[in-house]
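>>> here is a sequence together with a model predicted from it:
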Amino acid sequence: MLYLVGFFILFIIILIVITIMVFKKSKPEACKIESELKKEKVISLDMLLKTVKSSKSDLAEMQKALCVMGQKFPFPENEDEANPYFEFVYFFAKHPSSTAKLIVKMQKELALQNTKYKKQIEDFQMRGVEARK
């Protein structure tokens, strides 16, 4: 009879631990930039490039730059005009604050939106990652 009480207590402890683990699981952050965009009236591609080129930019600034790039700046149809966009991809991947998850997210997001440039986006991403070494 005593062992049944022990199993019951162990079962309750396991349930509590599982419940805590489920609720503490980190939730993916969506791009919450609408209120921030209202504060900053004009955001240009040059501003995004300055952000990703600056080694002082932190992870939050990099995430914001990625969200703005994905929402506000689609790649142009003319391939000659796409060089600044490829620069963004390169410096984003090269930046020390960019995590592997964030780089993969950037590559997937931009490749889905710009299927014409999928190969170039991947190439510039790989160059940026290799430049980190």
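Structure's in. What do you need? Residues are numbered from 1 along each chain as shown.
>>> now the most centrally placed residue in the chain. Its backbone dihedrals?
If you average the C-alpha coordinates of the chain and look for the closest C-alpha using CA atoms, centre = their mean, you land on residue 102, 3.3 Å from that point. Backbone torsions for residue 102, taken as degrees, to the nearest 10, come to phi -70, psi -40.
>>> list the contacts of it.
When the contact criterion is CB atoms under 8 Å, 6 or more residues apart in numbering, the partners of residue 102 are 59, 62, 63, 66. Glycine gets a C-beta too; all of them are placed from N, C-alpha and C.
>>> ok, for the last one, nearest residue in space, not its chain neighbours?
Once flanking residues are discounted, residue 66 sits nearest to residue 106: 5.3 Å by CB to CB, 6 or more residues apart in numbering.
>>> and that neighbour, how many residues sit next to it?
Burial measure for residue 106: 24 neighbouring residues, criterion other CB atoms under 10 Å.
>>> after the helix or strand where it lies, next one along is what?
Using DSSP states H and E, residue 106 sits in helix 100-113. Under the assignment DSSP H and E, the closest C-terminal helix or strand after helix 100-113 is helix 118-131.
>>> tell me which helix or strand of this protein sits lowest on mean pLDDT?
Within the chain, confidence by mean pLDDT, DSSP states H and E is lowest for helix 34-39 among all helices and strands, at a mean of 53.
>>> alpha carbons only: can I get the helix or strand that that one is followed by in PDB?
Sequence order places helix 45-53 as the next helix or strand after helix 34-39, per DSSP H and E. Listed next in PDB are the C-alpha coordinates belonging to helix 45-53 (Å, rounded to 0.1, in the frame of the first residue of the first chain):
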ATOM      1  CA  LEU A  45      17.200  50.400 -47.600                       C
ATOM      2  CA  ASP A  46      20.300  52.500 -46.800                       C
ATOM      3  CA  MET A  47      19.200  52.600 -43.100                       C
ATOM      4  CA  LEU A  48      18.800  48.800 -43.100                       C
ATOM      5  CA  LEU A  49      22.200  48.400 -44.700                       C
ATOM      6  CA  LYS A  50      23.800  50.700 -42.000                       C
ATOM      7  CA  THR A  51      22.100  48.600 -39.300                       C
ATOM      8  CA  VAL A  52      23.500  45.300 -40.700                       C
ATOM      9  CA  LYS A  53      26.900  46.700 -41.500                       C
END
